[in-house]
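In: Here is a sequence together with a model predicted from it:
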Amino acid sequence: GNTVIFIFVLVLKILARCHDRMIRNKKYHLIRTFLKVIVFKRSFYGKSSNIMRAVRIHSLGGPSVLQIDYNLPIPKPAKNEILVKVKAAGVNPVDTYMRQGINGYNPSVPIILGKEASGEVQCVGAEVKEFKKGDRVICALSHGAYSEFITCDKDSVIPLPDRFNFSQGAALYISYFTAYRALVTKCKIKKGELVLVHGASGSVGTAGVQIAKAHGLTVIGTAGTAEGLEIVKKNGADYVIDHREENHLQKILQEIGQKGFDVILENRACLNLNDDMKFLREKGRIGDEFKEYSKVLLKGVEDGWVKPIIAEEYSMEDIPQAHVDVIRENGAKGKLILLLNQKQISIDQQAKD
């Protein structure tokens, strides 16, 4: 076991130190490269059963502060917690706020980012009866999802529906529960109302369209690219408009013979709120919420109208690019997912009918 591993690593280190002499002969070049990768870059990651990788930041700043730490200890669950082997984690704009220390976030570093994940239960605490080893689950966290293993309070975990893969599971919490609380809990939408969904091709926007349609509303969705407009259309919006067009809100209201919207789902209130107020009907409501989750949407999963749209999947090495893409200005097109402990899957594989 550990003795064999120690001897093996020791031999590798001795051979690595001899590389100057070995490199004179070309046939040893591959051995030298292999030794450098194994011994130095990976720092023996994967040789110990209690070690994991995670994406952490050690200082606040741009995407470049995101780095992979290879030798972190796997956490142990408390009596009311669950240890989960993470398969996928959602990448959200809020992760970039935390990384930069803006918009009300000022985290202590080092810290592992990520607020939602899906994976398999590895073990449970003494007081956990709801889950067992091998269960597929969805987890909500304050932070920590960008990690190969996480511990979660049992009350922040729900079963991953059989019809969902892990990427779809990691796309459920932030986007759907944000849109649900904004539309249903706060704005109290009613069947037959007219709702405007800004950024309807993004993760929260696509969720908002599905929720509104399931509640019998007429949905107008906006997007800023041809691809985004097609996503909104396929997602079930009744009307699709390009927000790059001048006076796009006036035009659509004239086209459908309406004077204003009953509800507006606003994902970028700081930019659009003033314009929204001009086109809101008297006693209309604007939903602008981010957190607070509810398990009620699992019924939507069972009924088949909750269908997360996955835009891109990233490896741990590519997480800096994911943080650039998640706040890009040229149009969102679904959910961004960080993959862990699994290979990339096709992003065309969406929820089954």
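Out: Yep, it's here.

In: what's in contact with stretch 313-324?
Out: The contact list for stretch 313-324 (Cβ atoms under 8 Å, 6 or more residues apart in numbering) reads 53, 55, 63-64, 66, 68, 88, 91, 95-96, 99, 146, 167, 312, 336-340, 344-345, 347. Using the backbone N, CA and C atoms, a C-beta is placed for each residue, glycine as well.

In: repeat for stretch 98-116
Out: With contact meaning Cβ under 8 Å, 6+ apart, stretch 98-116 is reached by 54-63, 65-66, 69, 89-92, 94-95, 97, 138-147, 170, 172-174, 323, 338.

In: So which of the contacts of stretch 313-324 belong to helices?
Out: Residues of these located in helices (DSSP state H): 95, 96, 99, 167.

In: quick revisit: put the buried members of the contacts of stretch 313-324 into a ChimeraX selection.
Out: Restricted to buried positions by 16 or more other Cβ atoms under 10 Å, the ChimeraX selection for these reads:
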select :53,55,63,66,88,91,95,96,99,146,167,312,336,337,338,339,340
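
In: can you count the residues close to residue 72?
Out: Neighbour count of residue 72, defined by other Cβ atoms under 10 Å: 19.

In: likewise residue 127?
Out: Residue 127 - counted by other Cβ under 10 Å - has 10 other residues nearby.

In: Tell me the secondary structure at it.
Out: Secondary structure state of residue 127, per DSSP: H, G, I helix; E, B strand; the rest coil, is coil.

In: Going forward, the N-terminal residue is numbered 486.
Out: I'll keep to 486 as the first residue from here, and by that count the last item is residue 612.

In: now it: how far from residue 796?
Out: The gap separating residue 612 from residue 796 is 38 Å, by Cβ to Cβ, to the nearest Å.

In: what comes into contact with stretch 649-656?
Out: 572-575, 601-604, 621, 623, 630, 645-646, 657, 688, 786, 793-795, 798, 820, 822-824, 827, 830, 832, 834-836.

In: Try it again at 7 Å.
Out: Defining contact as Cβ atoms under 7 Å, 6 or more residues apart in numbering, one finds that stretch 649-656 is touched by 572-575, 601-604, 623, 645, 688, 793, 795, 798, 820, 822, 827, 830, 834, 836.

In: Got the domain ranges for the chain?
Out: As assigned by automatic domain parsing, the chain contains the domains 487-526, 536-657, 660-772.

In: circling back: adding distance to residue 718, write the ones in helices among the contacts of stretch 798-809 out as a markdown table.
Out: Formatted as a markdown table, the ones in helices among the contacts of stretch 798-809 follow (distance: Cβ to Cβ, whole Å):
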| residue | distance to residue 718 |
| --- | --- |
| 580 | 29 |
| 581 | 28 |
| 584 | 33 |
| 652 | 23 |
